[in-house]
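K.L.:
Next comes the sequence, and after it the predicted model I'd like to discuss.
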Amino acid sequence: MRRGNRELRATGNGTSQEESNTKKEFAADVKIRLTTNFSFQTGGGGEYQVPGSVRTVADLLSDIGGQIDFVFMDGARKDLRKDIELNLNGKAIWFYPEGLRTELKEDDFIDITLTPLGGG
């Protein structure tokens with residue numbers, strides 16, 4: 001089957017060859033740019049090599065949270081804690097229809113901010 005300039009081949013498991021290749025490519029590590037206002041080492045220039053097991057923004061938060069022993073999501077609702085702001089490519093994560101289930105892509109830019117709480 002041809003779609004545009006790309007040829008799609010059935011693989012026998014219900015996915016096209018193109019879809020199958022995309023899934024294989026995603027299994028490899030993806031590099032994103034990550035900025036935070038808390039202590040987390042990303043390497044040079046804010047680049048972060050996302051492990052192959054991390055597919056979505058929620059997976060990324062779980063992965064980073066495990067590394068720094070910090071909980072980003074409200075366990076009951078599987079939502080961001082109220083004191084966390086997250087932008088993906090310059091937009092609040094809530095502008096994306098999939099929210100925290102949005103899949104990460106190469107060169108995505110993620111900004112995670114822990115909002116300081118006042119008191120006195």
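P.N.:
The structure has been received and is ready for your questions. Numbering: from 1, shown residues only.
K.L.:
I64 is in contact with F72, isn't it?
P.N.:
Yes - taking contacts as CB atoms under 8 Å, I64 lies within contact range of F72: 7.4 Å. Heads up, the C-betas are built off the backbone N, CA and C, glycines and all.
K.L.:
Now for these two: what residues contact both?
P.N.:
Shared contacts of I64 and F72 (CB atoms under 8 Å, 6 or more residues apart in numbering): I112.
K.L.:
Please name the residues that touch S53.
P.N.:
Applying CB under 8 Å, 6+ apart, the residues near S53 are D59, D63.
K.L.:
pLDDT at it, what is it?
P.N.:
Looking at S53, its pLDDT is 88.
K.L.:
now do the one 10 residues further on
P.N.:
Each residue has a pLDDT score; the one for D63 is 88.
K.L.:
looking at this, it is in a helix?
P.N.:
Yes - judged by DSSP: H, G, I helix; E, B strand; the rest coil, D63 forms part of a helix.
K.L.:
contacting residues for the residue nearest to it when sequence neighbours are not counted?
P.N.:
Setting aside the residues directly before and after it, D63 is nearest to V54 in space (CB to CB, 6 or more residues apart in numbering), at 5.1 Å. For V54, the contact set (CB under 8 Å, 6+ apart) comprises V30, L60, D63, L104.
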